[in-house]
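Visitor: sequence and computational prediction follow.
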Amino acid sequence: MTTTYRTSRRNFLKTGATIGGVLVAPAFSARVFAETVKDGQTIITAAHWGPLAVVVKDGKIQSSAPAIEDLGDNPLQTVVADQVYNKVRITQPMIRKGFLDNLDNITQPDGKRGDDAFVPVSWERAYDIIEQQLRRIYASYGSQSIFAGSYGWRSAGVLHKAYTLMQRFLNLAGGYVGHLGDYSTGAAQVILPHVLGTLEVYEQQTSWEVVLDESKVVVLWGMNLYNSSQIAWSASDGQARLYLKKLKERPDIKVLNIDPTWTETADFLGKDRCEWIPTNPSSDVPLMLAICHELIRQNRHDTEFLKKYTVGYDAVRAYVFGDKDGMPKTPEWAAPITGVPAEKIRELARLFHENRTMIMAGWGIQRQHHGEQVHWMIVTLCAILGQIGLPGGGFGFSYHYSNGGAPTRRSGILPNIGNTPAQAGSGTDWLESGASKLAIPVARIADALHNPGGEYAYNGQTRNYPHIRMIWWCGGNPYHHHQDLNRLRAGWQKPEIIIVNEPYWTATAKHADIVLPATTSYERNDLTMTGDYSNMHIVPMKKLVEPQGEAKNDYDIFHDLAKRFGVDAAYSEGKTEMQWLKSFYDEAQQSARQQRIAMPLFQQFWEENKVYENPRDPKADRYVRYADYREDPILNPLGTPSGKIELYSKTIEAMHYDDCLPHASWLPPVEYLGNAPAEYPLQLVTPHSHYRLHSQLNQTSLREQYAVADREPLWIHPEDAAARGIQTGDLVRVYNGRGQVLAGAVISERIKKNIVALHEGAWYDPADGSPNALCKNGCGNVLAIDRGTSRLAQGNTGYTAVVNVEKYMGDAPTLTAFTPPKMAEI
Ligand SMILES: Nc1nc2c(c(=O)[nH]1)N[C@H]1C(S)=C(S)[C@@H](COP(=O)(O)OP(=O)(O)OC[C@H]3O[C@@H](n4cnc5c(=O)[nH]c(N)nc54)[C@H](O)[C@@H]3O)O[C@H]1N2
Ligand SMILES: Nc1nc2c(c(=O)[nH]1)N[C@H]1C(S)=C(S)[C@@H](COP(=O)(O)OP(=O)(O)OC[C@H]3O[C@@H](n4cnc5c(=O)[nH]c(N)nc54)[C@H](O)[C@@H]3O)O[C@H]1N2
Ligand SMILES: [Mo]
């Protein structure tokens, strides 16, 4: 088994069809939606939030709506015009004033990133400086000094993939330092291969059809599908929310919401269809341990399943009963930690045991210190229940994401442009040393900047950080996504040069030296499939309007630079935009033909301006995850060392980590309600918003629907608000030892007492360049702690923070998050 996992999720999803394509009738059943095409003015495109029908008149975008059937109520689909015509679009290349002034002394940065004016320049001037600096840095320090890991959600499309294109160019120019893992499942995707032999978080789920037929209890465990399935890594197929609607209409299936908040999903189901078990954040492991204690005590554990399909149960049992630590994990033990009464915990044990139960878990639960333990514990609990591999039973770790559980269609598969062209890297050091050696765990970026050469542990290895002299970010926004932004900001002053490609003046762009204006996906041609698991549609992403200002496609920016480095032939493979798209489509068409699915020729497909739906696969409709393993564990072993589910891992035992023991364990996080000091008595959660994809769209008119006092809303419980004299609509300051942000109070019973919520993705808006600058917009990551989940995964801990809140008595400072920076003339 390999010990490092690169972010293969989005690629493998397309190829990892577990359901064989049986040759049936040669059906071309592509259904065509978007009847809105009437006057030739409605153009089909797509975004992460689904296929879109956009009305364009006189060269201007008028309106946008979904182009396929979905639940409706996906606000992200309505603001295409607002994305293109926006006051924070970057319309020209820009260079930071202090950087330009300091060009002769570039190895000594001036420390003013993020608090400086910019100078508009021509593309040629920007390219000249980039070429010169890139050549100098390769020559002086080598490829290990250039961080181009550039994590982020960019835009949808198989060709215009922002950071992939940057990496494609850099691989040809001389190499770069990449990243390992992602922010979504940083902990789970490293622990689960030890437990199940797969990433598990990016796998197709037991079909929703089966769940609706067979499950009697559905548990939404820190899982907010109504929000989170508005999007997909490709484009949302909209299916999960349609299945949620069916679930709502089935009163015979009991639904539980185990969450510190009454989520939008719970709200959609309604109080009569969904029971809320309000829990304290970071307490899921104690809750499950207590359920296990109750099951085992009552002899309700499935000994046969445990024996046949798992290893390590004895160690788990001993731990649950406190044989070594003298601490039996009883419901009474767990009650004060979780905030769930012991009697309720017993009831859950009974309910899960007596009914076919599907535990659908989200991922916020593992974006925490010791986050590895949570999904491991869910697997452990489900193994004890013995329903894994049965129709409608066990666990599902991706029902909330990219419409997992929507059955996989028979389809051709669109390939993507890759970051390693055939001729990449010949003669450079990165190939010899192996790409992964030159990568850092994605959420350790600030740590790497602060500790060049520093040693760290990762999944059984000892590694060293590179010395980063240059950063190039393209298609991501670390000044929202990373934790403890004040710490990032301090480390960010160290490199000699920072380049950012962005359509908008995000905080990341404002913290760059050179800013290259990128187009949005609506200003270029592309293709996408929908539903990372379902492969449901193939969608033309047609250019709606010309690029705004001098904005260029990332593809063309890196092509221009590739010319300067003499590698343009390898970069472009001699293809134009439309030739690339045709080649991708043709490949998909060929793979479809092998399955006897007749897709139209590319030209016809493109000109038709329609969304194509792939045919259903009756076998996939009945897919049950782990059914084959359950059927025959010898013939279908798991990819773990034992071939079984590892409740105890000898591989992890051999790492001797005290922050990740060899079986799922309760390891209290550094910060949570259980150890919160009196000065910061509240725990902060940072869920994903219904109105945004992360920080994307915070700058649009959607903000008017949720902003309070012109800031990000802070959910606070009535008693916590009353104790602080806070009313709904008040401007409040949320703070801890790491930082401070302004927010607008929303008093709500939807959040458990002692917990407050700031949704992730508010644009960071520091009042000044000081080390503890007040964020005027309410970015939660000013407050979250920046440390690895453990030495095993080094995942991010965005959900680990304790804070306090007070009414803000000063004059309300003017918001500048959505204002371009000052311009300087030279
Ligand atoms: N506290 C806390 N922190 C979190 C989380 C949390 O739950 N809590 N969640 C984490 C998770 S799961 C994730 S995935 C990350 C997300 O973090 P990111 O993926 O960094 O967030 P986005 O806002 O999607 O950033 C994408 C950026 O790419 C830009 N962009 C879009 N299209 C293009 C393009 O074509 N070219 C270029 N050059 N740029 C483009 C957008 O304008 C935007 O600024 O955040 C993580 N951070
Ligand atoms: N609309 C929209 N959809 C999205 C995204 C977006 O930004 N906007 N982001 C996409 C991405 S990249 C990802 S990774 C996924 C994220 O999917 P998730 O990581 O699952 O989403 P979160 O909103 O972080 O967390 C889900 C729920 O977990 C709860 N929770 C937090 N901490 C705990 C805890 O300790 N215990 C329990 N039991 N519950 C807890 C939160 O209150 C929240 O309701 O969503 C994807 N979908
Ligand atoms: Mo994510």
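Guide: That came in fine, so what should we check first? Ligands and ions are numbered 1, 2, ... in the order given.

Visitor: now the helices for the stretch 1-150 of the chain?
Guide: For the stretch 1-150 of the chain, the helices defined by DSSP state H, counting those that start in this stretch cover 9-15, 80-84, 97-101, 123-141.

Visitor: before we move on, what about the stretch 601-750 of the chain?
Guide: Taking DSSP H, counting those that start in this stretch to define them, one finds helices in the stretch 601-750 of the chain at 602-608, 618-621, 627-631, 650-653, 718-722.

Visitor: right, so the helices of the stretch 1-150 of the chain: which one is the most enclosed?
Guide: For the helices of the stretch 1-150 of the chain, the largest average neighbour count (mean count of other CB atoms under 10 Å) is found in helix 80-84, namely a mean of 22. Using the backbone N, CA and C atoms, a C-beta is placed for each residue, glycine as well.

Visitor: so which elements touch it?
Guide: Other helices and strands packing on helix 80-84, by 3 or more CB pairs under 8 Å, 6 or more residues apart in numbering; DSSP states H and E, are strand 60-66.

Visitor: pLDDT (mean, whole number) over the strand it packs on?
Guide: Strand 60-66 carries an average pLDDT of 94.

Visitor: what of stretch 214-223?
Guide: Averaged over stretch 214-223, pLDDT sits at 98.

Visitor: then that stretch to PDB, C-alphas only?
Guide: Extracted C-alpha coordinates of stretch 214-223, given in PDB (Å, rounded to 0.1, in the frame of the first residue of the first chain):
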ATOM      1  CA  GLU A 214     -34.400  -0.500   2.200                       C
ATOM      2  CA  SER A 215     -33.200   1.900   4.900                       C
ATOM      3  CA  LYS A 216     -35.400   2.400   7.900                       C
ATOM      4  CA  VAL A 217     -33.200   5.000   9.600                       C
ATOM      5  CA  VAL A 218     -31.200   7.600   7.800                       C
ATOM      6  CA  VAL A 219     -28.700   9.500  10.000                       C
ATOM      7  CA  LEU A 220     -27.400  12.900   8.700                       C
ATOM      8  CA  TRP A 221     -24.200  13.000  10.800                       C
ATOM      9  CA  GLY A 222     -22.700  16.500  10.400                       C
ATOM     10  CA  MET A 223     -24.100  16.400   6.900                       C
END
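
Visitor: how about the helices of the stretch 1-150 of the chain, which one is nearest ligand 1?
Guide: The closest of the helices of the stretch 1-150 of the chain to ligand 1 is helix 80-84. By CB to the nearest ligand atom, the value is 8.8 Å.

Visitor: which residues of the stretch 701-826 of the chain lie near ligand 2?
Guide: Applying CB under 6 Å from any ligand atom, one finds that the stretch 701-826 of the chain approaches ligand 2 through Tyr799.

Visitor: now the closest residue to Tyr657 other than its chain neighbours: how far from Trp363?
Guide: Excluding the flanking residues, the one nearest Tyr657 by CB to CB, 6 or more residues apart in numbering is Arg791, at 4.9 Å. The gap separating Arg791 from Trp363 is 20 Å, by CB to CB, to the nearest Å.

Visitor: can I assume the residue nearest to Tyr657 sits in a helix?
Guide: No: Arg791 is assigned coil when assessed by DSSP: H, G, I helix; E, B strand; the rest coil, not a helix.

Visitor: tell me the mean pLDDT for stretch 699-716?
Guide: The average pLDDT within stretch 699-716 is 98.

Visitor: confidence score at the closest residue to ligand 1 within the stretch 351-500 of the chain?
Guide: Nearest to ligand 1 in the stretch 351-500 of the chain, going by CB to the nearest ligand atom, is His481, at a distance of 3.2 Å. Per-residue pLDDT puts His481 at 98.

Visitor: with Arg96 instead?
Guide: In this model, Arg96 carries a pLDDT of 98.

Visitor: likewise the one 3 residues further on?
Guide: Here, the pLDDT recorded for Phe99 equals 98.

Visitor: just the pLDDT for Gly393.
Guide: 98.

Visitor: pretty sure the residue nearest to Tyr657 contacts His656?
Guide: No: checked against CB atoms under 8 Å, the pair Arg791 and His656 is beyond contact range at 9.7 Å.

Visitor: who has more neighbours, the two?
Guide: The neighbour comparison of Arg791 against His656 (other CB atoms under 10 Å) goes to Arg791, with 20 against 11.

Visitor: wait, what's in contact with the more buried one?
Guide: Taking CB atoms under 8 Å, 6 or more residues apart in numbering as the criterion, Arg791 is in contact with Tyr456, Ala457, Tyr458, Met655, Tyr657, Asp659, Cys660.

Visitor: closest one of those to Thr530?
Guide: Nearest to Thr530 among these: Tyr458, at 34.5 Å, using CB to CB.

Visitor: quick one: contacts for the nearest residue to the closest one once chain neighbours are set aside?
Guide: Spatially, and ignoring its direct neighbours in sequence, Tyr458 is nearest to Gln794 (5.3 Å; CB to CB, 6+ apart). Gln794 sits next to Gly181, Gly186, Pro441, Ala443, Arg444, Tyr456, Ala457, Tyr458, Gly788 when contact means CB under 8 Å, 6+ apart.

Visitor: how near is Gln794 to Arg787?
Guide: Note on Gln794: its distance to Arg787, by CB to CB, is 9 Å.

Visitor: and for Glu546?
Guide: Using CB to CB, Glu546 is found at 46 Å from Arg787.

Visitor: ok, those two, which is more surrounded?
Guide: More crowded of Glu546 and Arg787, by other CB under 10 Å: Arg787, with 19 against 9.

Visitor: nearest residue to the more buried one in space, please, no chain neighbours.
Guide: Of all residues not flanking Arg787 in the chain, Thr797 sits nearest, at 5.9 Å (CB to CB, 6+ apart).

Visitor: how about the CA coordinates for the helix or strand hosting Thr380, as CSV?
Guide: Element membership for Thr380, per DSSP states H and E: helix 372-385. Taking Å, rounded to 0.1, in the frame of the first residue of the first chain, the C-alpha atoms of helix 372-385 are listed here in CSV:
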residue,chain,number,x,y,z
GLU,A,372,-8.8,11.3,11.6
GLN,A,373,-10.7,9.6,14.4
VAL,A,374,-14.2,10.5,13.3
HIS,A,375,-14.7,8.5,10.1
TRP,A,376,-12.7,5.7,11.6
MET,A,377,-15.1,5.6,14.5
ILE,A,378,-18.1,5.6,12.1
VAL,A,379,-16.7,2.6,10.3
THR,A,380,-16.1,1.0,13.7
LEU,A,381,-19.6,1.6,14.9
CYS,A,382,-21.1,0.3,11.6
ALA,A,383,-18.9,-2.8,11.8
ILE,A,384,-20.3,-3.5,15.3
LEU,A,385,-23.8,-3.0,13.9
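
Visitor: who touches the helix or strand just after that helix?
Guide: Per DSSP H and E, the first helix or strand lying C-terminal to helix 372-385 is strand 394-396. Applying CB under 8 Å, 6+ apart, the contact partners of strand 394-396 are 205-206, 358-361, 378-379, 382, 387-388, 404-405, 625-626.

Visitor: nearest to ligand 2, of the residues you listed?
Guide: Ala361 (7.9 Å).

Visitor: got the contact list for that closest one?
Guide: Counting by CB under 8 Å, 6+ apart, Ala361 makes contact with Trp221, Gly222, Met223, Val374, His375, Ile378, Phe395, Gly396, Phe397.

Visitor: now Tyr680
Guide: By CB under 8 Å, 6+ apart, the residues touching Tyr680 are Asn736, Gly737, Val802, Val803, Asn804.
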